[in-house]
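> A predicted structure for the sequence below; I have some questions about it.
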Amino acid sequence: MDSSVPPPPSPSRTKLRPWYLVAGMVLTWFVGVHGLNIGFSTAAFLRSGTMPDLTSAALHAGTMADVLELAGLQALRAMLDNARVTYPLAVAEVILSGLLVVASGLAMGGRRGARSLALQAIGANALLVLAAFLLTPLVRAAYLQGVLQAVDTVTLPAPQREVLTNPGVIQWAWRIKLVVFDLGTLGLGALALTRARTRTYFEAVARATERPEEP
């Protein structure tokens, strides 16, 4: 009688698995876990509708870290004011990040059909990242406004003050983060999945797991 539990991978199959496939799927797995945490926290915050005390935070601002924290609180207020957009995005992040975690784990283990699932999960998460960036300009504007307001209340070294009072620098930092970190990490996972050696590996897995037709 056939067992429902798949047999462990053979040594030859393990040797066939490219190292960059494992590295890429570990990377996307961590991206998924991070997205789960951020999405769940954001959704819980928007559902509760409870804002921290901005006045108290402004009174105690004295360092650059305090300035960025106060700006982050301003961004949270903007997210709460635009919950019709930000809440669905947070829920979608939870769902798609969870899918990315599962798909990355399956692809890392060489499961049959996992390559296609992982590519779809990566593509869906990339589209969500772009959609979230395009649909939340008011949140970024609130963050910038919070930085500019907080800088006037603290004493900072001239180089830090010059950076924080230049909106263009912060906007470029967001764009670099979008391309390099948010999309770049997903792109590395997709690259690992589309290499010829990876395709050969999954084809070998599919052949090894094929069962003869019942008579």
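Now that the structure is in, tell me what you want to look at.
> so how far is the helix or strand hosting Ala103 off the chain centroid?
Using DSSP states H and E, the element containing Ala103 is helix 83-108. The gap between the average C-alpha position of helix 83-108 and the chain average comes to 8 Å, counting by Cα atoms, centre = their mean, to the nearest Å.
> Buried residues, that helix. List them.
Applying a neighbour-count criterion of 16 or more other Cβ atoms under 10 Å, one finds 86-87, 89-94, 96-108 buried in helix 83-108. For every residue, glycine as well, the C-beta is placed using N, CA and C.
> For the biggest helix by length in the chain, list every residue counted as buried.
With residue count as the measure and DSSP state H as the assignment, the chain has helix 19-48 as its longest helix. Burial within helix 19-48, assessed by neighbour count using 16+ other Cβ under 10 Å, is assigned to 21, 24-25, 27-29, 31-32, 35-36, 39-40, 42-43, 45-46.
> Could you export the helix or strand Leu130 falls within as CSV, CA atoms only?
With the criterion set as DSSP H and E, the secondary-structure element containing Leu130 is helix 114-135. What follows is helix 114-135 as a C-alpha-only set of coordinates in CSV (Å, rounded to 0.1, in the frame of the first residue of the first chain):
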residue,chain,number,x,y,z
ALA,A,114,6.4,24.4,-6.1
ARG,A,115,8.4,26.4,-8.7
SER,A,116,5.3,27.6,-10.5
LEU,A,117,3.6,28.4,-7.2
ALA,A,118,6.6,30.3,-5.9
LEU,A,119,6.9,32.4,-9.1
GLN,A,120,3.2,33.3,-8.9
ALA,A,121,3.6,34.3,-5.2
ILE,A,122,6.6,36.4,-6.0
GLY,A,123,4.8,38.1,-8.8
ALA,A,124,1.7,38.8,-6.7
ASN,A,125,3.8,40.3,-3.9
ALA,A,126,5.7,42.5,-6.4
LEU,A,127,2.4,43.8,-7.7
LEU,A,128,1.2,44.5,-4.2
VAL,A,129,4.4,46.4,-3.4
LEU,A,130,3.9,48.6,-6.5
ALA,A,131,0.2,49.1,-5.7
ALA,A,132,0.9,50.1,-2.1
PHE,A,133,3.6,52.6,-3.2
LEU,A,134,1.3,54.2,-5.8
LEU,A,135,-1.8,54.3,-3.6
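> between that helix and helix 19-48, how big is the angle?
For the pair helix 114-135 and helix 19-48, the angle between their directions (axes from the mean of the first three to the mean of the last three Cα atoms, to 10 degrees) equals 40 degrees.
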